[in-house]
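J.: just a sequence and a predicted model for now, questions to come.
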Amino acid sequence: MHVLLLGPSTNIKPQPDEPLEAPNRSLTFFLLDSSNTHVNTCSSICMAKGNGTTPDNRQGVQHAEGTAAVLAIGTANPSGVIVPQEQFTDEFFRVSNSDHLTHLKEKLQRICNKTGIEKRHFHLNEEMLRDHPEFLDRELPSLDARIEIVATAVPKLAESAARKAIAEWGRPATDITHLVFSTYSSWHAPSADLQLASLLGLRPTVSRTILSLHGCYGGGRALQLAKELAENNHGARVMVACCEMTLVCFAGPDGGNLVGHALFGDGAGVAIIGAGPFAGGECPLFEMVAATQTTIPKTEYALGMQVTGGGVDFHLAIQVPTLLGQNIEQCLVDTFRLVFGDDVDNLTWNDMFWAVHPGGRPILDNIETVLKLDPGKLAASRNVLREYGNMSGATIVFVLDDLRRRCKDQLPEWGALLAFGPGITIETIVLRSPRSLSEQNIEDIKSD
Ligand SMILES: CC(C)(COP(=O)(O)OP(=O)(O)OC[C@H]1O[C@@H](n2cnc3c(N)ncnc32)[C@H](O)[C@@H]1OP(=O)(O)O)[C@@H](O)C(=O)NCCC(=O)NCCSC(=O)CC(=O)O
């Protein structure tokens, strides 16, 4: 791991008792993994300009001004099949010809009743199931047929969300410089990122990355990557696209994973990320001030996905909500310490706004309890869970969308984004609301 200092940041203020030359508040830190992803990106841009300088010499001219922010959000769900949760068990057992499995049916109904979900959207419909009865039986080969359907469906759904984000952003799609696409529902090469770029008419020079098999933390990972790309490439505008479809993991109830059947839904979430200078009427929605990824040691067993000839198998251990409850506060402390130093001890979680991946109702309950949050602090997460279920990596984009619509001008200054998935991996991002930023800027100008 390398640390580059590429400041000064306009948004992280020195602490009152800290010497001005101290670097840890007045400069922006960039943590690079061993692949040096963004140094390579800088390099390719400079070479295109015929500039033969070394990466070190280029840092001063390539980085953005300030911290990355979410500039626009769009979401989409399949419109064909919308199943109310109270009808899901009956529908699922009917289409899978499993009504005779009364024990499993009663169990699924018990689970559905406790999910906190009211409805979910699905791309898979009865006609597809009639054409592909093998989707019901994990023992039969079905991966090829599943892959063929999602190969067009995943980029198309992502396109719907992306068009909304681009419309809100207000700049032409050709101004997108980077695309980060996260999905475990598509396995072609060239993959969904290229198809989305073509559907949207992005530039041939758009720099594409596809993230796969991150499960539910894919959205958090893509946002963190976008933050680094935006901050390290002057003028970069990064599209984050996350799209998941349960068609890849669908099976009959005797295939196990009743909790997965009760929980997951289909959706696409797209966000456009950029750092200053802002142009063309761009309006930051959430600033992404600092970010970390943490793996809870020895919890690989707890969450997982396995691609088989019969589709994708999910494993969700019953301990997941407890494990997250036990570890979440330390992740938050470690991440907020990057911004607040030892003052992190004076933070009150309840004074912040929250964008938490609604992996399941007990996960939200446990986080609320551990952090002593008022009921309502996780309203955006609970609302997304209620309206759409758990859409894996796409869900966190829906939560950000709900949060900004719900709170409009009433967001507290600081907030936290949390997403989790196999590992168990926890993605944490310190958010700052733009309203408080503009107020702060006005105060700074007054005091100058
Ligand atoms: C399934 C639930 C709705 C049940 O709610 P409660 O726990 O409050 O209710 P409960 O304790 O009465 O449990 C109801 C029944 O569900 C069973 N049950 C609960 N959790 C289970 C699990 N993980 N696997 C198998 N069965 C499970 C219980 O044994 C019980 O069975 P019986 O009634 O027979 O006694 C909830 O636990 C839930 O949402 N769990 C999912 C959490 C999770 O793992 N989320 C991560 C999703 S993946 C993700 O987001 C990241 C990723 O995958 O990448």
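T.: Alright, I've got the coordinates. In this text the structure is predicted, and so the values were computed from the model without any measurement.
J.: what does this structure have sitting close to the ligand?
T.: Selection of the chain residues close to the ligand by C-beta under 6 Å from any ligand atom yields 107, 110-111, 114-115, 215-216, 259, 263, 303, 316-318, 320-321, 359-363, 390, 392, 420-422. C-betas here are computed from N, CA, C, even on glycine.
J.: ranges for the strands of the stretch 251-400 of the chain?
T.: 267-276, 286-295, 303-308, 311-316, 353-356 (DSSP state E, counting those that start in this stretch).
J.: for residue 301, give me its contacts.
T.: Counting by C-beta atoms under 8 Å, 6 or more residues apart in numbering, residue 301 touches residue 317.
J.: what's the spacing between residue 399 and the ligand?
T.: Residue 399 is 12 Å from the ligand, where distance means C-beta to the nearest ligand atom, to the nearest Å.
J.: residues contacting that residue?
T.: 355, 356, 357, 358, 380, 381, 384.
J.: could you give the number of residues near the closest residue in space to residue 363 that isn't next to it in sequence?
T.: Distances taken as C-beta to C-beta, 6 or more residues apart in numbering put residue 321 closest to residue 363, at 4.7 Å, once the chain neighbours are dropped. Residue 321 sits with 19 neighbouring residues when counted by other C-beta atoms under 10 Å.
J.: repeat that for residue 368.
T.: Residue 368 has 22 neighbours, counted by other C-beta under 10 Å.
J.: and the strands in the stretch 1-150 of the chain?
T.: 2-5, 29-32, 65-76, 81-84, 119-122.
J.: same question for the fourth one, mean pLDDT?
T.: Translated: strand 81-84. Averaging pLDDT along strand 81-84 gives 96.
J.: now that strand: buried residues?
T.: Buried residues in strand 81-84, counted by 16 or more other C-beta atoms under 10 Å: residue 83.
J.: which residues touch it?
T.: 91, 118, 119, 120, 121, 122, 123, 124, 125.
J.: dump those residues to a markdown table, plus pLDDT and neighbour count.
T.: A markdown table is the format used below for the contacts of strand 81-84 (pLDDT from 0 to 100; neighbours: other C-beta atoms under 10 Å):
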| residue | pLDDT | neighbour count |
| --- | --- | --- |
| 91 | 97 | 13 |
| 118 | 98 | 14 |
| 119 | 98 | 17 |
| 120 | 98 | 26 |
| 121 | 98 | 22 |
| 122 | 98 | 20 |
| 123 | 97 | 22 |
| 124 | 97 | 23 |
| 125 | 96 | 13 |
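J.: settle this for me: residue 254 is touching residue 107, isn't it.
T.: No. At 11.8 Å, residue 254 and residue 107 do not qualify as touching, with contact defined as C-beta atoms under 8 Å.
J.: and these two? which has more neighbours close in?
T.: Comparing residue 254 with residue 107 by neighbour count (other C-beta under 10 Å), the higher total belongs to residue 107, at 16 against 12.
J.: what sits closest to that one if chain neighbours are left out?
T.: In space, residue 107 is closest to residue 258, 6.0 Å off (C-beta to C-beta, 6+ apart).
J.: that neighbour is in contact with residue 108, isn't it?
T.: Yes. With contact defined as C-beta under 8 Å, residue 258 reaches residue 108; the gap is 4.9 Å.
J.: what residue ranges in the protein score low on pLDDT?
T.: Scanning the chain for pLDDT under 70 picks out the ranges 1-61, 435-448.
J.: determine the longest helix present in it.
T.: In the chain, assigned by DSSP state H, the helix with the most residues is helix 143-169.
J.: which elements pack onto that helix?
T.: strand 65-76, helix 192-200, strand 237-244, strand 267-276 (3 or more C-beta pairs under 8 Å, 6 or more residues apart in numbering; DSSP states H and E).
J.: buried stuff in it?
T.: Buried, per 16+ other C-beta under 10 Å, within helix 143-169: 143, 146-147, 149-151, 153-166, 169.
J.: and the helix or strand where residue 417 lies, what does it pack against?
T.: Taking DSSP states H and E as the definition, residue 417 sits inside strand 414-421. For strand 414-421, the packing partners by 3+ C-beta pairs under 8 Å, 6+ apart come out as helix 218-232, helix 320-340, strand 353-356, helix 395-407, strand 425-432.
J.: tell me which of those sits nearest to residue 277.
T.: Across those, residue 277 has its closest neighbour in helix 218-232 (12.1 Å, C-beta to C-beta).
J.: for residue 427, which non-adjacent residue is spatially closest?
T.: residue 220 (2.9 Å).
J.: quick check: the gap between the one you found and the ligand.
T.: Distance, residue 220 to the ligand, by C-beta to the nearest ligand atom: 10 Å.
J.: wait, that residue touches residue 394, no?
T.: No. Assessed by C-beta under 8 Å, residue 220 is found out of contact with residue 394, at 11.3 Å.
J.: ok, these two, which is more surrounded?
T.: Neighbour comparison, residue 220 and residue 394: the larger count goes to residue 394, with 34 against 29 (by other C-beta under 10 Å).
J.: what residues does that one make contact with?
T.: 75, 219, 242, 243, 244, 267, 268, 269.
J.: same check on residue 122?
T.: By C-beta under 8 Å, 6+ apart, the contact set of residue 122 is 78, 80, 81, 82, 83, 245, 246, 247, 265, 266.
J.: can we see that at 7 Å?
T.: Residues near residue 122 by C-beta atoms under 7 Å, 6 or more residues apart in numbering: 78, 81, 83, 246, 265, 266.
J.: for the ligand, what's its nearest residue on the stretch 1-150 of the chain.
T.: Closest residue of the stretch 1-150 of the chain to the ligand, C-beta to the nearest ligand atom: residue 114 (3.6 Å).
J.: which of the contacts of residue 399 sit farthest apart?
T.: Greatest spatial distance among the contacts of residue 399 (C-beta to C-beta): 357 and 380, at 11.0 Å.
J.: who has more neighbours, these two?
T.: The neighbour comparison of residue 357 against residue 380 (other C-beta under 10 Å) goes to residue 357, with 31 against 24.
J.: so what's the more buried one closest to, chain neighbours aside?
T.: Closest to residue 357 by C-beta to C-beta, 6+ apart is residue 419, at 4.2 Å.
J.: that neighbour contacts residue 214, doesn't it?
T.: No. Counting by C-beta atoms under 7 Å, residue 419 does not reach residue 214; the two are 9.3 Å apart.
J.: distance of the residue of the chain most remote from its centre from residue 252?
T.: Most distant from the centre of the chain: residue 100, at 39.1 Å, with distances by C-alpha atoms, centre = their mean. Note on residue 100: its distance to residue 252, by C-beta to C-beta, to the nearest Å, is 12 Å.
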